[in-house]
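> Predicted model follows, preceded by the sequence.
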Amino acid sequence: MSVFSLRHIEKSFGGNAILKGVSLEAEAGEFIALVGPSGCGKSTLLRIVAGLDHADAGEIRIGNREVSQLRAADRDIAMVFQSYALYPHLTAGQNIAVPLAMRKLSGAQRLPFIGGILPGQRQICSDIQRQVHAMAVSLKIDHLLDRKPGQMSGGQRQRVALARAMVRNPSVFLMDEPLSNLDANLRVHARGEIVELHRRAGVPTLYVTHDQSEALSMADRVAVMIGGNLLQLATPQTIYDDPSHIEVARFVGQPRINLLPGQRDAQGLVEFGGLRLSASPDTVGTGVTLGVRPEFVSIRAEGEGALAARVERLEFLGSEVIVFAKLAGIGETMLAKVTPAQARGLVAGQMIGLELDPSRVMLFAENGHRLPVEPLTAQLRETVHG
Amino acid sequence: MADAVLSHTLSPVETAGRREARTAWLLASPAILLMILFIVLPTVAVIVLGFTDFELGYGTFRFVGLENYHELMSDRTFRKSLWNTTVYTSIVTPVSIALGLGIALLIESEPRGRSFFRTVYFLPVASLLVAMATVWQYLFHPSIGPLNTFLALFGIPGPNWLGASSTVLYGLSIIGIWQSVGFNMVLFLAGLTAIPRELYSAAEIDGAKSSLDRFRLVTWPMLGPTTLFVTTISVINSVKVFETVKTLTEGGPNKASEMLLFTIYQEGFVYLKVGYASAMTVVFLAILVVLMALQYWFLDRKVHYT
C-alpha cells in the first residue's frame, strides 16, 4: 500500500523548468533517499511536498488525501532543515514543544500571562511537557532541554531538530540534507542513528542529500534525480549494479564508473577491448557508451589482457588501491580498483594490460538509456591499438 | 646568581609587552584626546556651570551651589516643559515604532515597488524639518488647512491644531511621528532581512498557520535587538524635539507646547542665563541616562542576541 505518492510534479521558475514531471511512490515505513547533484531540483521537490512551495502541475497524496492544495501545517508532515532552523530565542525544550503547542493550544492560550489563566491550558501544557521529555529521553538530549541553540554543538542541535520533527508523529518525514552541517566523523555516526530512529518510528521518510554514499548506505530505495527528472528509483544495490541511465551510472559510485565510447554495427554488435557484445539493434544511433565499474577491471602484465594502458598514478586507500591508467589506443583514463597485493610493484609510467569482466559491462545508447546486452564471446585475447 | 640578575632586568617578553602597550596608547591617543576635548570637557563644563550664576556678557560669575536646582524645582515653566516633553515622548515613541514596524512588514511582504515605498517613507527623515514646518502649518491651518477641510466632510469641526492649548501637543506629536516613522521603518527593514527564511518555513510546518502566529513565533523575537535599538533612538529623538516647537509655536499658546530643549534654549540664548540653562541641561541629561539605563536593564534580559 502506498502511503505517500507524487504524480507528475512540474515546477518552473521564470520559464526555467526545475521539475519535469516527477513521480514517486513510497510504501509504509519506507526510507527513500532523493539524491542528485546540486541544482537537480531535489530540494525544490521536497519543499513542494512540504507545502512551502507550490507545484505548477501534479498531485501529492499523503495517506489517502490529496494535499497539494493544503497548507504546510495541514499536511501532517514534519521536516528537518539543513540549518536545523531552530528558534534561537527558545530553549531546546521549548523548540521541541512548538509543533505540539501550535496544534493543541488556541491562540489565546498561547499568550503570555493571559494564557495561563484560561481553562484547560495547564492540563494541555503538562501533557506537552511530558511528551517533550519522553522524546528528549529517547534521543538522549534530556539534559539539554534548558539550553538555547546557541549553547549547543552542531550534533546536539541536529538532535533537537530531529526531536522537534518526531515529537508529533507525522505521517511523512522530510529531511533536507540534515547531516551536511556536521563534521565527517559525526556524520557517519549520525547516519546510523537516523536509520535507527526511522526503524523505530516506522514513518515513511523522504531524505534529500547530494551525498551518494549517504543515500546508498541509509535508504531502502534511492531516487536519483538529474536535471529535473527522476531517472531511477530502486534499491541501493540495483542503483549501483544496474543503473537504468548513463547519468545514474555516472553519478553513483565512488570512484566513478569507467565510460568508454564504442560503435554498434547494423546487427547490434559492439566490439571493444576484446569484448563482443550484442545489443538490441532497434534503437536509434550507432554510437554507444560502455560502462564498467572500477572493481570489474583487473590488471595484467604488459602485453597480457585486452587493453594496453600506461599507469598514470595510484591512490592508496588502505584496503584497496585505485589505479589510474591511460589507454594506449584512445587516450581515455580508466580506473581499476584492486587489492594492495595486486597493485604491488606498480609504478607510474609503467605499461600494463587491463581486462574487463564481460558479465559486468553495461551499454548505454546515445540518449543515455541503458541497452540490454549479452556478451557473445568471452574475452578474446587481442590487444587494441589505435 | 643568574636568577638574581633576571629578577632585576626585564625579560625580553616583558620588554616586548611594554613596548606593545606604549604603541597601543600612542595609537589610541588621538581618539582619547578628541573624546576628552569634545565630549568629556563640555559635559564637565555644563555640570560646573550649573552650580554658578554665570550670565552671558558678564565677565565674572560666582558659585551658588544648588541654588539653580532649587529654583528649577519651583519653576513652573520648567515643570510644564518637563510634563509636555513626557507626554510628547510617550505619544511619539510607541506610535512611530508601531507604524515603522507595520510599514516595514508590509514593504517586506510585497516585492513589487519595494524601493519606491522605502524611499517615500524615508523622505521625511531626509527632509529639513524647519522647511517642512511651513507645509505642516498649512496642513494644520484651522480654516484653509486640508486636514480640517477633510474633517469637515464628516461634519467634525476641526480644532485650531497649533493655536489651541488643548491640541497643540497632539499637533506637534503628529509631525514628530511623521518625521520618525521612516527612520524606524528603515531600521526594522534591515532587521527583517536578517531573519533566516528557513525559520519561517519551520514555523509554517510546525503549525503557525496565520501570519500573526508566525509574527509571534519568529519575527517579533528575532527583531528583539532591532526593537531595543529603535526604542532607544526614538526616545532620545522625541525628548530632543526642538525645531517644530521653535518654528511653529514658540512654546505657546500659554506654554502649552513648552518642551525641555526649547526651555533650555530660551533660558540660555534668549535670557542669556547660562548657569540656569546648564542646570536644566544636567537634569535633561540625567533623565536621558536614567531612561536608557532602565531600558537596557529591563529589556536586555528579554532580548535574544544571536
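All right, it came through fine. Residues are numbered from 1 along each chain as shown, chains lettered A, B, ... in the order given.
> switch to C-alpha atoms for all contacts and neighbour counts from now on
Noted.
> need the strands for the stretch 51-200 of chain A, in chain order.
With strands called from DSSP state E, counting those that start in this stretch, the stretch 51-200 of chain A shows them at A:57-62, A:65-66, A:77-80, A:172-176.
> As CSV, those with mean neighbour count, mean pLDDT and distance to A:Leu45 would be great.
Shown next, in CSV, are the strands of the stretch 51-200 of chain A (neighbours: other C-alpha atoms under 10 Å in any protein chain shown; pLDDT from 0 to 100; distance: least, C-alpha to C-alpha, whole Å):
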stretch, mean neighbour count, mean pLDDT, distance to A:Leu45
strand A:57-62, 19, 90, 11
strand A:65-66, 14, 88, 16
strand A:77-80, 26, 91, 13
strand A:172-176, 23, 91, 10
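> Could I get the ones you listed in JSON lines, plus columns for distance to chain B?
Formatted as JSON lines, the strands of the stretch 51-200 of chain A follow (distance: least, C-alpha to the nearest C-alpha, whole Å):
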{"stretch": "strand A:57-62", "distance to chain B": "15"}
{"stretch": "strand A:65-66", "distance to chain B": "17"}
{"stretch": "strand A:77-80", "distance to chain B": "7"}
{"stretch": "strand A:172-176", "distance to chain B": "11"}
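> Okay, buried residues for the helix or strand containing B:Phe117 please.
Using DSSP states H and E, B:Phe117 sits in helix B:114-126. Buried residues in helix B:114-126, counting neighbours by 16 or more other C-alpha atoms under 10 Å in any protein chain shown, are found at B:Arg118, B:Tyr121, B:Phe122, B:Pro124, B:Val125.
> looking at the strands of the stretch 51-200 of chain A, which is closest to B:Ala286?
Nearest to B:Ala286 among those is strand A:77-80; the distance by C-alpha to C-alpha comes to 50.8 Å.
> Show me what that closest one is packed against.
Counting by 3 or more C-alpha pairs under 8 Å, 6 or more residues apart in numbering or on different chains; DSSP states H and E, the packing neighbours recorded for strand A:77-80 are helix A:42-50, helix A:154-166, strand A:172-176, helix B:197-205.
> Could you give me the buried positions within the longest helix along chain B?
Looking across chain B with DSSP state H, the single longest helix is helix B:76-109. Neighbour-count burial for helix B:76-109 flags B:77-85, B:88-89, B:91-93, B:95-97, B:99-101, B:103-105, B:107-108 (criterion: 16+ other C-alpha under 10 Å).
> Same check on stretch A:268-281?
If you call a residue buried by 16+ other C-alpha under 10 Å, then stretch A:268-281 has these buried ones: A:Gly268, A:Leu269, A:Val270, A:Phe272, A:Gly273, A:Gly274, A:Leu275, A:Arg276, A:Leu277, A:Ser278, A:Ala279.
> Hmm, the last one is touching A:Gly268, no?
Yes. When contacts are counted by C-alpha atoms under 8 Å, A:Ala279 is listed as touching A:Gly268 (5.0 Å).
> ok, residue 202 - contacts?
Let's take chain A. Contact analysis of A:Gly202 by C-alpha atoms under 8 Å, 6 or more residues apart in numbering or on different chains lists A:Ala28, A:Gly29, A:Glu30.
> that answer is for a different chain, and I need it for chain B
In this structure, B:Ala202 makes contact with A:Met79, A:Phe81, A:Ala85, A:Leu86, judged by C-alpha under 8 Å, 6+ apart.
> Which of these are buried? Put it as a ChimeraX command.
Selecting only the buried entries of the contacts of B:Ala202 in ChimeraX, with 16+ other C-alpha under 10 Å as the criterion:
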select /A:79,81,85,86
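> so which two of the contacts of B:Ala202 are the farthest from each other?
A:Met79 and A:Leu86 (11.6 Å).
> that older thread, list just the nearest of the contacts of B:Ala202 to A:Ser319.
Nearest to A:Ser319 among those: A:Phe81, at 35.3 Å, using C-alpha to C-alpha.
> what are the phi and psi angles of the closest one?
Note on A:Phe81: its backbone torsions stand at phi -90, psi 160 [degrees, to the nearest 10].
> My guess is it contacts A:Phe173. True?
No. In this structure, A:Phe81 is not within contact of A:Phe173 by C-alpha under 8 Å, at 11.3 Å.
> Span of stretch A:51-59 from start to end?
End-to-end span of stretch A:51-59 (C-alpha to C-alpha, to the nearest Å): 12 Å.
> now what about it, what contacts it?
A:6-12, A:21, A:44, A:47-48, A:66-68, A:70-72, A:75, B:201, B:204.
> Swap in 6 Å and give it another go.
A:Leu6, A:Arg7, A:His8, A:Ile9, A:Glu10, A:Lys11, A:Arg47, A:Ile48, A:Arg71, A:Ala72 (C-alpha atoms under 6 Å, 6 or more residues apart in numbering or on different chains).
> what's the offset of it from the middle of its chain?
22 Å (C-alpha atoms, centre = their mean, to the nearest Å).
> cool, stretch A:334-350 as well?
30 Å.
> excluding its backbone neighbours, what's nearest A:Gly318?
Sequence neighbours aside, A:Pro340 is the residue nearest to A:Gly318 in space, at 7.8 Å (criterion: C-alpha to C-alpha, 6 or more residues apart in numbering or on different chains).
> looking at chain A, which residue lies furthest from center?
Residue distances from the centre of chain A (C-alpha atoms, centre = their mean) peak at A:Ile117, which lies 49.2 Å from the mean C-alpha position.
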